[in-house]
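>>> A structural model of the following input is requested.
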Amino acid sequence: VVSGRDTDHLGVLWQFENHIHSGLSEAEAANGTAGNARAMPAVMPLHERMLELQSAMLAANSRLTNSHSYSSRPLSWPLLTAGVSYWQSFKDGKVAQIYLLGNPVVWWLAAGSIALYALLEVFFLLRTSRQVFDLPADAPRLLAAGRLCCVAWALHYLPFFLMERQLFLHHYLP
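A predicted model of the protein is given here:
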């Protein structure tokens, strides 16, 4: 997509030749008399602008329901079972590709650490329910930090299970 006048590039598919602001009158838009005058958008309070933006994003995302060969569901993300192909070229019998795939060692250690923390939390809850209080003095602080990290991860990850739009691995990245 090019918005300038240099359209001699091989990759140019679209070119914007005209843009008319919705705040202009029909006469100004038809004959171009607006010149350099700026059409100012309506003044809205912050909460109304945020609501308008969220509504527009929700509407746009709800229309992305087609299937895609590189889309994936959230269950596959923590174990890194699928990636995303951003670009492919097949020229002269050669294949070139830009492919998003996380570092498996880092990815699997992160997934394992969340599972390990959940097991430790259950273990400590069971010990506490049995009246065993042999944890170090700083254990509550460390457990609270772990809870915060796991809750933040869950608040980012779990809503994707409710979405019916196309989802890709890059959505999992915060």
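>>> Provide a list of residues in contact with residue 72.
Applying C-beta atoms under 8 Å, 6 or more residues apart in numbering to residue 72 gives the contacts 81, 82, 84, 167, 168, 169. Using the backbone N, CA and C atoms, a C-beta is placed for each residue, glycine as well.
>>> possible to save the residues you listed as CSV with neighbour count, pLDDT and distance to residue 47?
What follows is those, written out as CSV (neighbours: other C-beta atoms under 10 Å; pLDDT from 0 to 100; distance: C-beta to C-beta, whole Å):
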residue, neighbour count, pLDDT, distance to residue 47
81, 11, 89, 41
82, 15, 86, 38
84, 16, 88, 35
167, 19, 89, 29
168, 16, 89, 31
169, 20, 89, 33
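>>> Give the next helix or strand downstream of the helix-or-strand element of the chain with minimal mean pLDDT.
Counting by mean pLDDT, DSSP states H and E, the weakest-scoring helix or strand in the chain turns out to be helix 26-31, with a mean of 69. Using DSSP states H and E, the next helix or strand after helix 26-31 towards the C-terminus is helix 46-62.
>>> Mind listing the residues bridging to the residue lying closest to residue 86 once chain neighbours are set aside?
Spatial nearest neighbour of residue 86, excluding adjacent residues (C-beta to C-beta, 6 or more residues apart in numbering): residue 98 at 4.4 Å. Beta-bridge pairing for residue 98 (DSSP bridges): residue 87.
>>> Can you show me the helices along this protein?
Using DSSP state H, the helices found in the chain span residues 26-31, 46-62, 104-129, 139-157.
>>> closest to residue 77 out of these?
Closest to residue 77 of the helices of the chain, according to C-beta to C-beta: helix 139-157, at 7.6 Å.
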